[in-house]
Structures are given as structure tokens and as C-alpha cells.
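A.B. asks: The sequence and its predicted three-dimensional model are supplied below.
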Amino acid sequence: MERKILAPGLIEYSNVFPESSDFIMLLEQANEWAAGEAAPSRYLKKDGSEMKRDVKTFFLPAVATSNIDKLVLKDWHKKFEAELSKCETDYLDYYVIDTVQSERSWLQFLKYEPGDSFSNHIDDVPESRRTLSGVYYFNDDYCNGELFFKHLDLTIKPSANSYF
């Protein structure tokens, strides 16, 4: 894992999970992909218009049934989560953030297919308070999908195997 400071509070971690291509192949076999949802407050913009979110989602390790071996999937989940935890620990240590009262939310995988999208949004909303939010990119062969940080006037096109 390599750390690169992009802006105050924004770190890119690269070379996070070397086995990501094997893991993504396993996820592609799963039949539990469902329509993605967002917190209700994210659906309306300040002007009253609706936000758009078209995405498939998959939660681990809470998989009810699967056409893939559940134990294999849980093992991969543990490996992946362990690598992300290293990045999160590094981030919290770097910025000296106390996590005594923090609660870790679930790990959610999103799959955007051609034509799918999610409007500009923030991850910290009343229904889901967050101190830290992370995004991992399995691939980089996509159109659009850049991370845009309005207050920093910064747009990033992440590369595969990177975590922000």
C-alpha cells in the first residue's frame, strides 16, 4: 500500500489489494446483486429536483444464498476488509482522529453498468452520519465515474486497485 496526500483530508492509497482481479471474478458470479439505494435525503437536490442513482449493489458478508461457495466468499471478504482496514488505520493515525466512539458501517460493493449513474452527492447525511468514507476502485476501464470534491475544486479519475 502506498499513500499519496491529494489535499487536506484526502488521501489516495494505491496497490491496496493485489488479488482484486480474482475477487472481482468471484463477485461477478454472485447472484445477489440488487438495485442500489441511497438515503432519502440524497434524492432531492436543493432546487427540489430528483437525483438519479442507477446501480447494482452487493453486501458482504451478509449473503443469504449464492451460486458460489459462501465460505470462499467470506474468506475473500475478510482478506479484502483487512487490506482496507490498514488504509483506514493509517488515515486515522495520520490525521490523529479518535475512533473510540465511531462505528464501522457495512462494506457495500457497487457495480455500474453502461448507462448507470449516481448524481453528485455527499456521503454524510442525517440518516447515515459518517466521519470517514472510503471508495475502492477495482477497475479503471470506465467512462466518467470520477471523484469530484466541490470544496477543493478537485476531480480525480481513480486507477484500479486504489482507495480514497
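C.D. replies: That came in fine, so what should we check first?
A.B. asks: Quick check: pLDDT value at the closest residue to Tyr137 other than its chain neighbours.
C.D. replies: Take Tyr137 and drop its neighbours on the chain: the residue closest to it by C-beta to C-beta, 6 or more residues apart in numbering is Pro158, 4.3 Å away. Bear in mind the C-beta positions are built from the backbone N, C-alpha and C, glycine included. Confidence at Pro158, expressed as pLDDT, is 91.
A.B. asks: And for Arg130?
C.D. replies: With respect to pLDDT, Arg130 scores 70.
A.B. asks: In three-state terms, label it for me.
C.D. replies: Put simply, Arg130 is coil when judged by DSSP: H, G, I helix; E, B strand; the rest coil.
A.B. asks: Hmm, it is touching Ile122, no?
C.D. replies: No - checked against C-beta atoms under 8 Å, the pair Arg130 and Ile122 is beyond contact range at 9.2 Å.
A.B. asks: Counting neighbours, go ahead and name the busier of those two.
C.D. replies: Under the criterion of other C-beta atoms under 10 Å, the comparison of Arg130 against Ile122 puts Arg130 first, with 13 against 10.
A.B. asks: shaky segments in the chain?
C.D. replies: 30-32, 37-53, 59-69, 99-106, 124-125, 127-128 (pLDDT under 70).
A.B. asks: max-length helix in it?
C.D. replies: helix 70-94 (DSSP state H).
A.B. asks: Show me what secondary structure element comes after that helix.
C.D. replies: strand 107-111 (DSSP states H and E).
A.B. asks: do you know how far Lys78 is from Asp22?
C.D. replies: 14 Å (C-beta to C-beta, to the nearest Å).
A.B. asks: Just give me the residue closest to the centre of the protein.
C.D. replies: Val135 (3.3 Å; C-alpha atoms, centre = their mean).
A.B. asks: ok, and the closest non-adjacent residue to that one?
C.D. replies: Nearest non-adjacent residue to Val135 (C-beta to C-beta, 6+ apart): Phe164, at 5.2 Å.
A.B. asks: who touches that neighbour in this structure?
C.D. replies: Leu10, Ile11, Glu12, Tyr13, Gly134, Val135, Leu147, Ile156, Pro158 (C-beta atoms under 8 Å, 6 or more residues apart in numbering).
A.B. asks: before we move on, what about His151?
C.D. replies: So His151 contacts nothing (C-beta under 8 Å, 6+ apart).
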